[in-house]
Every structure is written in structure tokens, then in C-alpha cells.
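1. quick one, fold the following:
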Amino acid sequence: MVKTSLFVTFEGGEGAGKTTLMDRLQSTLKSKGFDVLRTREPGGTSLGDKIREILLNPDPLLTIGPKAELFLFLAQRAQHIEQVIQPALSQGKIVLCDRFTDSSVVYQGKARHLGMDFVQQLSATALGDISPELTFFLDVDPSVGLTRTRDTDKENALKGDQDRIEGEGLSFHQLVREGFHHIAKDNPNRCTIIDAMQSKEQVFEQVYPLILKVLEKKHD
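-> As a prediction, this is how the structure comes out:
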């Protein structure tokens, strides 16, 4: 087993194809002998999964204000880092995480209008010295992504309703996309924008070599 710590995050709007990409990356990296941990937010721990249920619950009677929503995300992230991410990196694992701090900055900071800088500052407390070395933003038009999500839910019969975030209006998801572009522009050494309208194969062929490049540098 090849021991090389690397923290990679995957961001994007609803229906961007993160799950499909991460499935293939995980299996490919494992086949090359790397120790890979895959996780997600919100979630990743027992506490995180409970918070996820609350955050995504579409019940209209369950009101969650923007600040309360943000602090729930930060609480599950603090637990996630302490219980899962930090130990895995210390053990020389590659950590692939579906969503991380950038999502909070964009969804709560930009789309919920709390302020991207404000959310980034609060997030620093939960993060400590943990931050991704690579972030891939899978970019897709929100109207296309939401349609993909609805179609997938119907095919898999996972649920009859959209979750609380998916159910937001198109303008909300457009702000999310704008926020991700802003972060990518400000962090060119960490973030790479990937056109998620391409085929699954094309997306993988753009992402995988970039991960390998970083891994090779660590072994030089």
C-alpha cells in the first residue's frame, strides 16, 4: 500500500456529477496501490449524518435560518475533521471529500447572503490547520444540474421530494455557481474548474492526471 497523504475536495452545484467522478477516482487510485478514504459533507461521521438529516429535510415546518444553517455545517465539519479527515491524513491516506468549506462559503455566504468573507472567517475556527491541496469545481448550468438531480432521484426511487437545498429556486443556484467561480478565480493554485457538461470520460481524464501530478511531486 502506497502511503501518501493528500486532501482533495470536489465542489459544484446540484447534479454536477461529483459522485460519478469520485467513484472512478477512488477505484482507480486504489488499483494503483494508494490508500484512499472517501467521505462527504454534510456527513462523514455519526454526528455529521444526523446533522445532514436536519439540513436536508424538506419539511416546510422545519425552519432553519441562514446563520443556524451555517453553524450546523460548521459543527459537522469540526467533528468530521477531528474524527475522520485529520486521522486519515496522518496515516498517509488520500482523502477524497464531496464538498467542504468552499460549499459553506458559497451556499451560506453567497446564496444566503451572509457574506463570503464572513463565512470564510468563521470556517477558519472549524478548520484549524486542515485545508485541501486540490479542489475540483465541476461546473454545470444550474437548470441542467437540477434536471439531472430530479431524473436521478426518479430512476433510483430514492425519494419523492427534492431535499431542502435542491428545492431552492433557480436564482439561488445561479448565485451558488457564481460563488464557486469567484473562489476558483481567487485560488488558482488550488482550484480547477472542470466543464461538467462534458462526458464522464472527459471529466475523469482531466481530473485524474492532475491528482497524479501532485502525488508524483510528493514522491520526488
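2. what average pLDDT does stretch 197-212 get?
-> Taken as a whole, stretch 197-212 carries a mean pLDDT of 97.
3. swap in stretch 8-23?
-> In the prediction, stretch 8-23 has an average pLDDT of 94.
4. end to end on that stretch, go ahead and measure it.
-> 14 Å (CA to CA, to the nearest Å).
5. so who does residue 34 touch?
-> Listed by CB atoms under 8 Å, 6 or more residues apart in numbering, the contact set of residue 34 reads 1-2, 4, 94, 215. All C-beta spots, glycine's among them, are computed from the backbone N, C-alpha and C.
6. how about 6 Å then?
-> Contacts for residue 34 (CB atoms under 6 Å, 6 or more residues apart in numbering) come out as 2, 94.
7. tell me the bridge partners for it.
-> For residue 34, the beta-bridge partners are residue 2 (DSSP bridges).
8. start at 40 instead
-> Renumbered: residue one is now 40, and that last one reads residue 73.
9. ok, the residue nearest the centre of the chain - contacts?
-> Centroid check for the chain by CA atoms, centre = their mean gives residue 138 as the closest residue, at 1.3 Å. Contacts of residue 138 were listed using CB under 6 Å, 6+ apart, and they are residue 80.
10. could you redo the last one with a cut-off of 8 Å?
-> Applying CB under 8 Å, 6+ apart, the residues contacting residue 138 are 48-50, 57, 79-81.
11. please apply the same query to residue 147.
-> Residue 147 makes contact with 105, 108-109, 112, 153, 158 under the criterion CB under 8 Å, 6+ apart.
12. columns secondary structure and distance to residue 180 on top of the residues you listed, output as CSV?
-> What follows is the contacts of residue 147, written out as CSV (DSSP: H, G, I helix; E, B strand; the rest coil; distance: CB to CB, whole Å):
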residue, secondary structure, distance to residue 180
105, helix, 25
108, helix, 25
109, helix, 26
112, helix, 25
153, coil, 25
158, helix, 24
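13. give me the low-pLDDT residue ranges for this structure?
-> Per-residue confidence of the chain (counting by pLDDT under 70) places the weak regions at 189-201, 259.
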